[in-house]
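Peer 1: my questions concern the predicted model and sequence given below.
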Amino acid sequence: MPVKQIGVIGLGMLGSAVATHLLDSGFKVTAYNRTRTKCLELEKRGATIAESPREVAENSEMVIIIVRDADAVRQISFGRDGIIGGNFKELIVADMSTIEPSESKSISERFVKYKITKLDIPVMGGPRVAGAGKLVMMASGDKPSFERCKNVLDTIAEKVFFLGDSGVAHLIKLAMNLQIAMLALALSEGITLVEKAGADPKMFLEILNSTYFKTGMSERKAFGMIKGRHDATFTLANLKKDITTITNTAKSLGISLPMIGKAEEMYGEALREGLGDIDYTGIIKYIKSINAGQEHEN
């Protein structure tokens with residue numbers, strides 16, 4: 001039977017958009033967020049608001065977790081009033097958070113002890129894309145569970161890639177977020193270079209977007225970077241957290257990724273300058289600030 005009762009834990013920008021789209025698509029949604037005020041809009045739209053992750057599990061065939069890091073996933077899953085305390089049968093837990101592959105494997109193994117299967121389902125695409133059900137999803141973990149809840153995954157995402165064993169989807173997600181970090185830096189430095197030379201950065205972007213070097217970022221976000229518009233769809237602080245996860249994963253694999261290591265330093269400095277709550281493309285403000293400092297010294 002297709003899965004129809006869905007739990008969503010973590011109602012940040014992405015979680016709220018996913019939960020809203022599931023409601024609009026006819027699913028029964030039970031939601032939980034530590035800060036209850038974030039649940040109010042969903043409650044108005046017909047979601048059941050739970051008082052704990054345990055209550056979400058009691059009322060769901062599938063629970064989707066969308067939280068900050070592996071520690072939060074563990075607390076929601078195994079802590080007081082956590083998912084494992086729910087009265088459920090054949091529950092599927094699907095983790096959309098961005099965490100280290102080794103952490104994902106460890107959490108999956110722990111769930112098995114409670115006869116719960118876990119999927120990794122990280123996605124690409126922001127809240128607006130999620131609201132339209134057009135995300136790109138990377139999935140891994142228990143294949144029968146994946147097939148059982150495929151109707152839900154196909155509702156959330158326009159494309160779903162099943163990648164194999166637990167942890168693989170999170171590994172690919174980290175590789176994708178590495179691209180985001182580097183592209184934002186490349187655009188920031190390109191715009192700064194052109195501006196400082198007195199040329200029109202808009203022309204730089206128009207030419208860039210006329211070549212195969214264009215990206216969705218250069219087409220849809222870069223013009224806002226020129227104008228200083230950095231309304232967050234994915235905050236700089238969250239990207240910095242993911243960059244650190246990338247570098248930790250690289251270390252655990254015994255490999256060197258020198259460019260993302262340098263990017264970790266730069267995003268860390270931007271965070272210390274108070275830029276964490278703006279969109280990750282706000283890294284251009286950091287690039288401009290260090291150049292303003294150099295001009296002052298000269």
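Peer 2: Cool, the structure landed.
Peer 1: I'd assumed residue 83 was in contact with residue 52.
Peer 2: No - judged on C-beta atoms under 8 Å, residue 52 makes no contact with residue 83 at a distance of 9.3 Å. Bear in mind the C-beta positions are built from the backbone N, C-alpha and C, glycine included.
Peer 1: compare these two (neighbour count), which wins?
Peer 2: residue 83 (30 against 19; other C-beta atoms under 10 Å).
Peer 1: look up phi and psi at residue 117.
Peer 2: phi -100, psi 150 (degrees, to the nearest 10).
Peer 1: just for the stretch 1-150 of the chain, where's the confidence low?
Peer 2: In the predicted model of the stretch 1-150 of the chain, residues 87 satisfy pLDDT under 70.
Peer 1: quick one: the helices in it, in order.
Peer 2: Taking DSSP state H, counting those that start in this stretch to define them, one finds helices in the stretch 1-150 of the chain at 13-24, 40-44, 53-58, 70-78, 101-112, 127-131, 143-148, 150-156.
Peer 1: I'd like the next helix or strand past the longest helix along the chain.
Peer 2: Assignment by DSSP state H gives helix 168-196 as the longest helix of the chain. Later in the chain than helix 168-196, the nearest helix or strand by DSSP states H and E is helix 201-208.
Peer 1: elements contacting that next one?
Peer 2: Here helix 201-208 touches helix 168-196, helix 222-227, going by 3 or more C-beta pairs under 8 Å, 6 or more residues apart in numbering; DSSP states H and E.
Peer 1: what does the shortest one contact?
Peer 2: What that stands for is helix 222-227. With contact meaning C-beta atoms under 8 Å, 6 or more residues apart in numbering, helix 222-227 is reached by 187, 188, 191, 201, 202, 205, 208, 230, 231, 281, 284.
Peer 1: the helix or strand following that helix vs helix 101-112, what angle?
Peer 2: Counting by DSSP H and E, the next helix or strand C-terminal to helix 222-227 is helix 236-253. Interaxial angle, helix 236-253 versus helix 101-112 (axes from the mean of the first three to the mean of the last three C-alpha atoms, to 10 degrees): 90 degrees.
Peer 1: can you pull the buried residues of helix 236-253?
Peer 2: Going by neighbour count (16 or more other C-beta atoms under 10 Å), the buried part of helix 236-253 is 236-247, 249-250.
Peer 1: same deal with stretch 16-26?
Peer 2: Residues of stretch 16-26 classed as buried by neighbour count (16+ other C-beta under 10 Å): 16, 17, 18, 19, 20, 21, 22, 23.
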